[in-house]
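A.B. asks: quick one: sequence and predicted model below, then my questions.
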Amino acid sequence: MTISRLKERTMKRLILFVAATVCSMNVYAQDPVDYDTDIAPIMQNRCNNCHNAGQNAFNSSSYAAVMASVSPPTRYDKNQVIPGDPDGSPLVDKIEPNPQFGTRMPQGSSLSDDQIALIRRWIAEGANEVATSNENGITDVPDGFKLQGNYPNPFNPTTLVVFDSQTAGEYRLSIFNVAGVKVGEYSGRAATGSTNIAVQMNDQPTGVYFYRLNLITAGNRSVTADGKMTLIR
């Protein structure tokens, strides 16, 4: 392939990715997660072969069974799902890399990043059986939410992504290169006021990167915002 052809293909991929992510700090609301529609299919297809009867302290056969599942005292010693707290839920720890106890689940092949993010968001929203509709309190943007951007920008190799919210919640920040490949991810608990997320890019080359911030707050409010950053070595 010639250099000019390679440059043309790279530019097309960049244009498509920029269009898809709407890099000008777009902010939009997400639909709440519904157990039967969004979570149950994951459980049925990936978990029920081994956990449809409560094997190994987890029962994936129904919503009620999932919520009643408790990890043994020798391991996490708490409910597998803790509503509002994905980081503290043993179910999340077991499906993500390097769990605290035992091996990663499901055995054989892990869940996709999208499936893990969906389960995390379901738990952060309260692990409800039925999704709360817009009529029951979903708003476009949590009170006082604003993505301030990242500072400094350009940067080398550390920058702070800063956002404001009047309501505490769970955040997840994903970093992508110009090809749309995820190169970093950060998650945590945001308090009220301003939150700073330190992004380290020691292992990445000079270039433009895009980030997507998802914040889930009390009252089933969920918002996503996108931004752009430049790393200069």
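C.D. replies: Cool, got the structure.
A.B. asks: what about the strands in the protein?
C.D. replies: 27-29, 146-151, 158-165, 169-176, 182-190, 193-200, 207-217, 221-231 (DSSP state E).
A.B. asks: between those, which one is closest to residue 95.
C.D. replies: The closest of the strands of the chain to residue 95 is strand 182-190. By CB to CB, the value is 13.9 Å. All C-beta atoms are positioned from the backbone trio N, CA, C, and that covers glycine.
A.B. asks: can you list the strands that the closest one pairs with?
C.D. replies: strand 169-176 (antiparallel) (DSSP bridges).
A.B. asks: pLDDT below threshold where in the protein?
C.D. replies: Along the chain, segments meeting pLDDT under 70 span 1-31, 53-56, 131-142, 219-220.
A.B. asks: quick one: the residue positioned nearest the centre of it from residue 173, how far?
C.D. replies: Compute the mean C-alpha point of the chain, and by CA atoms, centre = their mean the closest residue is residue 117, 4.2 Å away. From residue 117 across to residue 173, the span is 12 Å (CB to CB, to the nearest Å).
A.B. asks: could you do residue 179 as well?
C.D. replies: Distance, residue 179 to residue 173, by CB to CB: 19 Å.
A.B. asks: and these two? Which one has more around it.
C.D. replies: residue 173 (20 against 11; other CB atoms under 10 Å).
A.B. asks: that one pairs with what?
C.D. replies: Beta-bridge partners, per DSSP bridges, of residue 173: residue 186, residue 213.
A.B. asks: ok, now which ones touch it?
C.D. replies: 161, 185-187, 197, 199, 211-214 (CB atoms under 8 Å, 6 or more residues apart in numbering).
A.B. asks: as TSV, the strands of the chain with distance to residue 100 would be great.
C.D. replies: Below are the strands of the chain laid out as TSV (distance: least, CB to CB, whole Å):
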stretch	distance to residue 100
strand 27-29	33
strand 146-151	31
strand 158-165	27
strand 169-176	19
strand 182-190	16
strand 193-200	23
strand 207-217	23
strand 221-231	27
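A.B. asks: residue 84 is nearest to which of those?
C.D. replies: Among those, if distance is taken as CB to CB, the winner is strand 169-176, at 8.0 Å.
A.B. asks: the closest one to strand 193-200, inter-axis angle?
C.D. replies: 30 degrees (axes from the mean of the first three to the mean of the last three CA atoms, to 10 degrees).
A.B. asks: send me strand 169-176 as CSV with only the CA atoms.
C.D. replies: This file holds the C-alpha atoms of strand 169-176, laid out as CSV (Å, rounded to 0.1, in the frame of the first residue of the first chain):
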residue,chain,number,x,y,z
GLY,A,169,-22.6,9.9,41.4
GLU,A,170,-20.5,7.2,39.6
TYR,A,171,-18.3,8.2,36.7
ARG,A,172,-16.5,6.3,34.0
LEU,A,173,-14.1,8.1,31.7
SER,A,174,-12.9,6.3,28.5
ILE,A,175,-10.0,7.5,26.3
PHE,A,176,-9.8,6.7,22.6
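A.B. asks: ok, residue 87 - how many residues close by?
C.D. replies: Residue 87 has 15 nearby residues by other CB under 10 Å.
A.B. asks: gap between it and residue 64?
C.D. replies: 24 Å.
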